[in-house]
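In: Fold the following.
(one chain, ligands or ions: 1)
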Amino acid sequence: MRVEDLKLRAELADLGIDIRSGASMAELTSLGIGGTTDLLRITKHESIPELIALLERHQTRYKFLGGGSNLLVGDGELPWLILQLAKPDPEIVIEGNLARVDAAADLGRTVTFCAKHDLGGMEGLIGVPGTVGGALRMNAGAYGMQIGSYVREVKLYRAAERKIEILRGTQISFEYRHTSFAPDDMMLAVTLELPSKSFKEILQGIRICNEKRRSSQPLGQKSAGCIFKNPPGASAGRMIDELGLKGLSVGDARVSDRHANFFVNAGQASAKDMLTLIADVRGRVENAFGVKLEHEVVVWDA
Ligand code: EPU
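Out: All right, here's what the predicted structure looks like:
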């Protein structure tokens, strides 16, 4: 979708929105899959309520993009605009045990920045690609920890109220890869309360997690992390592996040889290829184990 209306372009410019025409979602996602549309970069959180009202007045559909690391986007010209927060400077401010982090900040950089200030707890998230906002909205976790445990406060655009609000951590429920945020709420910033730990100790934890991840996940390849959530008490990766499906392909979409719950784009995979592979694997797991796997990856199919 393109912003062609000159009046709309001018109104967007007034709100400090930077328009990138014909952005390729393949370049904005870790899977390297997805068609094209115009990308609107938001430079001021406070402009969001007006921006949304403006887009709605122009009957223009939109989606809100984080870091694009847990996302499968459809092929071709897309029927919605993409909104994304521009990175502010600074992205992180430390005050004692609190880290005030913009949602656009890179998750890995946030973990190491906090470590340098002797704040730990998030070692498990090292190596998880994406933004802090994306990690927050889906309660990203690994190696026994989840980001939700450290949330003191969240600043978000509440779609239902059409305004920016601050929620305390206790007002939000954080479950396994799930939060009580509404699908169209936009994460803007978070205050994390982190335990004091020496940089040396945190670094040791980071090294261990990095090593575990390197030995079990296909890090150098284009993927969206795990495709399916783990069903209670089981591992989706192990089930897919037990069925001998590593290496199963549709076009260039392929079940990783290293970790069976990672599906990689081994070249020029289309969204159609990837969705076909996901449906095929899901069907085989259901036939063999009677378990309906739930997507972890977010799908924006046109
Ligand atoms: N396994 C296999 N074959 C495989 C993959 C895994 O047999 O191809 C076995 C492993 O040997 C292990 C068990 O399955 O005994 C669990 O595997 P792993 O420790 O890799 O954990 P996982 O349950 O597959 C979860 C998260 C990952 C996270 C790791 C580490 C989900 C869906 N996945 O994976 O998160 O990095 O634990 O904590 O919760 C993600 O969310 O995108 C993600 C990658």
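In: if I look at Leu107, how far off is the ligand?
Out: 12 Å (CB to the nearest ligand atom, to the nearest Å). All C-beta spots, glycine's among them, are computed from the backbone N, C-alpha and C.
In: Oh, that last question was meant for Ile52, not what I typed.
Out: Counting by CB to the nearest ligand atom, the gap from Ile52 to the ligand is 29 Å.
In: tally of neighbours for the nearest residue to Ala236 once chain neighbours are set aside?
Out: Residue nearest to Ala236 in three dimensions, not counting chain neighbours: Phe228, with 4.1 Å by CB to CB, 6 or more residues apart in numbering. A count of nearby residues for Phe228, using other CB atoms under 10 Å, gives 24.
In: what sits against Phe228?
Out: Taking CB atoms under 8 Å, 6 or more residues apart in numbering as the criterion, Phe228 is in contact with 236, 261, 282, 293-296.
In: Are any of those buried, and if so which?
Out: Among the contacts of Phe228, those classed as buried by neighbour count (16 or more other CB atoms under 10 Å) are 236, 261, 282, 293, 296.
In: secondary structure element for the most centrally placed residue in the chain?
Out: Per CA atoms, centre = their mean, the C-alpha nearest to the average position across the chain is that of Gly134, at 3.8 Å. Following DSSP states H and E, the helix or strand that holds Gly134 is helix 132-137.
In: just checking, what packs against the helix or strand that that helix is followed by?
Out: Per DSSP H and E, the first helix or strand lying C-terminal to helix 132-137 is strand 141-142. Contacts defined by 3 or more CB pairs under 8 Å, 6 or more residues apart in numbering; DSSP states H and E place strand 141-142 against no helix or strand at all.
In: Does the ligand have contacts with strand 141-142?
Out: Yes - counting by CB under 6 Å from any ligand atom, the ligand is contacted by strand 141-142 at Ala142.
In: how far is that strand from where the chain is centred?
Out: 13 Å (CA atoms, centre = their mean, to the nearest Å).
In: Who does that strand pair with, and is each partner parallel or antiparallel?
Out: Sheet pairing for strand 141-142, assigned by DSSP bridges, gives strand 145-146 (antiparallel).
In: So the partner strand, near the ligand or not?
Out: No - Strand 145-146 lies out of reach of the ligand by CB under 6 Å from any ligand atom, never closer than 8.7 Å.
In: next helix or strand past that strand?
Out: strand 151-158.
In: picking up where we left off before, which among the buried ones among the contacts of Phe228 are in contact with the ligand?
Out: Answer for those near the ligand (CB under 6 Å from any ligand atom): 236, 261, 296.
In: mind putting those residues in TSV, secondary structure and pLDDT included?
Out: Shown next, in TSV, are these (DSSP: H, G, I helix; E, B strand; the rest coil; pLDDT from 0 to 100):
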residue	secondary structure	pLDDT
Ala236	helix	98
Asn261	coil	98
Glu296	coil	96
